[in-house]
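> 3D model of this:
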Amino acid sequence: MNSCAFFVNSTTNTISVFPITIIKPVRFKNQCFLKQSSVSASLSIGNNNSNKMSSVHHDSLRVLEWDRLCDAVASFAGTSLGREATKAQLWSLNQTYEESLRLLGETNAAVEMRKHGGCSLDFSTIDAVLVKSAIQQARRSLPVNGNEAMAVAALLQLAETLQFNLKAAIKEDADWYGRFMPLTEEIMGLVINRSLVKLIQQVIDEDGSVKDSASTTLRRSRDQVRMLERKIYDLMDSLIRNEKNETPFLEVSNIDGRWCVKSGADQLTSFKGLLLSSGSGIGSIIEPLSAVPLNDELQQARASVAKAEADVLSMLTEKMQMDLDDIEKLLNCTIRLDVVNARATYSLSFGGTCPDLFLLEGKGASTSVIYLPGDKISKTSYPSKREWTLYMPKAYNPLLLQQHRQNLQKARKDVSNATAEIRRKQQGEIMARRGETDIDLSSLEMQVAALQQAHPVPVDFFIDHKTRVLVITGPNTGGKTICLKTVGLAAMMAKSGLHVLASESVKIPWFDAVFADIGDEQSLSQSLSTFSGHLKRISEIQSHSTIRSLVLLDEVGAGTNPLEGAALGMSLLESFAESGALLTIATTHHGELKTLKYSNDAFENACMEFDEVNLKPTFKILWGIPGRSNAINIAERLGLPSIIVDNARETYGAASAEIDEVITDMERFKQDFKEKLEEAQHHLKLSKDLYENLLLARRKIMEHGTEQRFKKMREISEAAAVARSTLHKKVRQLRASAIQSSRKTPASKIQHTLAINSQHDTAEYNEPPVAYKSTSFVEDIKQSQSEKSEVPKVGDMVYVSSLGRRATVLRVEPSKDEIVVQTGNMKLKLKLTEIET
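From the prediction side, this is the model:
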């Protein structure tokens, strides 16, 4: 068993004014040391890799300012250990191709979780350092303190909440399970001891102190402490009251946990006590004899409190030791998720896109791998039309973007502070120089507007698969070095699992290393000039680079005689093109390097565009065109005497001037081609929109025609059904009336029955019953018609055969052979042949 000592008040010679009660948590001391845990080991990976990293690798990261980007990404982590782990993971850059794909998959999953909103990986409420300390204490069988225990409980609660939110999202839509992969399995696999959380919350308060209810012994001891403090307070109060008239400057102090009386200088007290300290000008500190027993009891009571608290914390530690491995795994998993969330948050904050990272397999052949969360790695032949080694449209330099955002935020904050200051002065007092203040605010607002308009310019990189070396030329401060850093940072970001800051999806190969020689490498300690420093660095790069490396060379061949520097630069680039890195990008001012493209297909030219009208660079890349000299033209526009300009042109040479004219024509042709291409793309877009609109109109017309046909068919069907029903009803009525009229005479009954049957057959089958008529039947019909020839009188009842109903005669017109009858509310004018008497 480890022996440990506890103490109540670690602060010595500290004076506090009575009656403040000070009960501090117990601290334990032990001389043994903790072995390095897995948490610390995981965080030290980056340092080990950094030590093993060669100097050329380290210098390349330094000149590319990779450390600044690591700090920017790490700032989005929620915990301190997460920030350290993020820097270590990004700085190592030792990922294999498969590991890079896995990191990108994790970043994509975290982006989806943040977009979902209900499964955010926010660990800012977790104190990972305290959790790590608690694990270390428990490993050494030392009691954890209250704050460490609460940190462990908060970690367990956050993990439980994360699991619950993830299950709720998957229950709402099962597709989220795949979209959150591979983080889904890791989060679902977390082991959480809910009983330990409940136990910690029962015995530890939110401020980290042990609750009175943690044990009965602790409650009794603290009650005793409070009772003794009240007794000492009453005692001290009575002593001071009695001495107040003689010694007015008395106060109660706490010295090492014992309550005493402090008097002024050269003042004597009437009560007896122990003199603890005294001095000229500072007074005396006396512990009254009557307070000594109470102070002794108070010290013993506080010791009892400390022991009771220690017992509670020891019990809590024993419970934690039972699940210590799960807690440590949970902490490690939390740190990993915090690192992934930092990468995802950085991407969303700066508008990054997931790169299509592919692995080149041999010269001119590539395999494109698209990694989606929840899916297996699928390999597809890439590309369909043209093969690119590097495809980066509208890519931003992350450091420039970050600096611009910081400057804009600072300017906006200055405007906000100035506005608040003006409002405060207007409310509190009259401004003496109101006009000057308004001008300052206006200038700040103009600064904000200028920063909003001066957004960093994106660059386009389209490097063909045949190109091994890209030569970029252009004026100073034209953006060549920024382009190099943009490509280098993008390659390392994709390899580290970060999204590339580009407006469109990028296709970028996996590089095993990125080497860069940028800036002035003059070394006084090694007696190296600028030129020598560059050569030494390039030599190291050439020895370390492989067929999967990216090499970035700034101002190759500079710093020495132009002719020798150009020759050396051409030789170096040809060496890289033949057996060097996968891709080499170099910037130069030497015109001779521009001609390599025309003798070697592995080379490509590009230049930084320059606005000769405004005499400033546009920071845009012109592909396939070598840059030309602008120094003489700029000097002429800036007002340099014409004789100097003419002499310079003559010295420069007519041949060079002709080359510049050819380059000018090429630039003009390329600009015209670009405008025509943009116009063609615009018209193509309009044609596509028109075609889509025509398809939509055609679909609507067809749908409308189909709907109208169905509607007409439905109306015809309903009308036919109504007509059929009416016809059947009429036939039934005729049959019924015929039966009623036949009751008068048997002969008429037979005649009416035959007539009705004949009408029914005609209605249903539309066939005249001619074949069934006999001679006697015709004679009976004729006899019936002769009987009907008798003209009825007004008031008589007649039978209307067409209606099948009886009607009353209202008027008779024999001359016209017509009759007017009424049946119900309806009056009819009929022929005499249409009625029966």
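
> ok, Ala134 touching Met320?
Yes. Assessed by C-beta atoms under 8 Å, Ala134 is found in contact with Met320 at 7.1 Å. For every residue, glycine as well, the C-beta is placed using N, CA and C.

> What count of nearby residues applies to Phe673?
For Phe673, the neighbour count with other C-beta atoms under 10 Å is 10.

> And it, which helix or strand is it part of?
In the assignment (DSSP states H and E), Phe673 maps to helix 654-741.

> Please compute how far that helix lies from its chain's middle.
39 Å (C-alpha atoms, centre = their mean, to the nearest Å).

> Quick one: list the elements packing against it.
helix 746-765, strand 805-813 (3 or more C-beta pairs under 8 Å, 6 or more residues apart in numbering; DSSP states H and E).

> quick one: buried residues of whichever helix or strand comes after the shortest one?
Using DSSP H and E, the helix or strand that follows strand 805-813 in sequence is strand 818-823. For strand 818-823, the neighbour count (16 or more other C-beta atoms under 10 Å) marks 819-821 as buried.

> Against which helices or strands is the helix or strand following strand 818-823 packed?
Going down the chain from strand 818-823, the next helix or strand is strand 826-831, by DSSP H and E. Where contact means 3+ C-beta pairs under 8 Å, 6+ apart, strand 826-831 is packed against strand 818-823.

> can we see that at 10 Å?
Counting contacts by 3 or more C-beta pairs under 10 Å, 6 or more residues apart in numbering; DSSP states H and E, strand 826-831 packs against strand 797-800, strand 805-813, strand 818-823.

> re the thing from before, least reliable of the helices and strands packed on helix 654-741 by average pLDDT, please.
Lowest mean pLDDT within the helices and strands packed on helix 654-741: helix 746-765, at a mean of 49.

> What values do phi and psi take at Lys620?
phi -110, psi 150 (degrees, to the nearest 10).

> so how far is His116 from it?
38 Å (C-beta to C-beta, to the nearest Å).

> what do you get for Ile518?
Computed as C-beta to C-beta, the Ile518 to His116 distance reads 41 Å.

> same thing with Thr389?
36 Å.

> For these two, indicate the residue with more neighbours.
The residue with more neighbours, out of Thr389 and His116, is Thr389; 22 against 17, by other C-beta under 10 Å.

> Retrieve the pLDDT associated with the more buried one.
With respect to pLDDT, Thr389 scores 84.

> and it, that one's in a strand?
Yes. Per DSSP: H, G, I helix; E, B strand; the rest coil, Thr389 lies within a strand segment.

> tell me which helix or strand of the chain sits lowest on mean pLDDT?
The helix or strand of the chain with the poorest confidence is strand 378-381; it has a mean of 35 (mean pLDDT, DSSP states H and E).

> Okay, helices next: where are they in the stretch 251-400 of the chain?
Ranges of helices in the stretch 251-400 of the chain, per DSSP state H, counting those that start in this stretch, are 292-322, 324-350, 398-428.

> no, scratch that, I was asking about the stretch 451-600 of the chain
Applying DSSP H, counting those that start in this stretch to the stretch 451-600 of the chain gives helices spanning 480-495, 530-544, 562-579.

> roughly how far out does the shortest one sit from the chain middle?
For helix 530-544, the gap between its own C-alpha mean and the chain's C-alpha mean amounts to 41 Å (C-alpha atoms, centre = their mean).

> In PDB, list the C-alpha atoms belonging to that helix.
Only the C-alpha atoms of helix 530-544 are listed here, as PDB (Å, rounded to 0.1, in the frame of the first residue of the first chain):
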ATOM      1  CA  THR A 530      22.700  33.100 -51.400                       C
ATOM      2  CA  PHE A 531      23.700  31.200 -54.500                       C
ATOM      3  CA  SER A 532      25.600  28.600 -52.600                       C
ATOM      4  CA  GLY A 533      22.800  28.100 -50.200                       C
ATOM      5  CA  HIS A 534      20.300  27.500 -53.000                       C
ATOM      6  CA  LEU A 535      22.600  25.000 -54.600                       C
ATOM      7  CA  LYS A 536      23.200  23.100 -51.300                       C
ATOM      8  CA  ARG A 537      19.400  22.900 -50.700                       C
ATOM      9  CA  ILE A 538      18.600  21.800 -54.300                       C
ATOM     10  CA  SER A 539      21.300  19.100 -54.100                       C
ATOM     11  CA  GLU A 540      19.800  17.800 -50.900                       C
ATOM     12  CA  ILE A 541      16.300  17.900 -52.500                       C
ATOM     13  CA  GLN A 542      17.600  15.900 -55.500                       C
ATOM     14  CA  SER A 543      19.100  13.200 -53.300                       C
ATOM     15  CA  HIS A 544      15.900  12.800 -51.200                       C
END
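
> Could you list every helix and strand in contact with that helix?
Helix 530-544 packs on helix 55-63, strand 513-517, strand 549-553, helix 562-579, going by 3+ C-beta pairs under 10 Å, 6+ apart.

> a markdown table for the ones you listed, including distance to Lys831 and mean pLDDT?
Listed next are these as a markdown table, based on distance: least, C-beta to C-beta, whole Å; pLDDT from 0 to 100:
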| stretch | distance to Lys831 | mean pLDDT |
| --- | --- | --- |
| helix 55-63 | 116 | 88 |
| strand 513-517 | 111 | 91 |
| strand 549-553 | 110 | 91 |
| helix 562-579 | 114 | 84 |
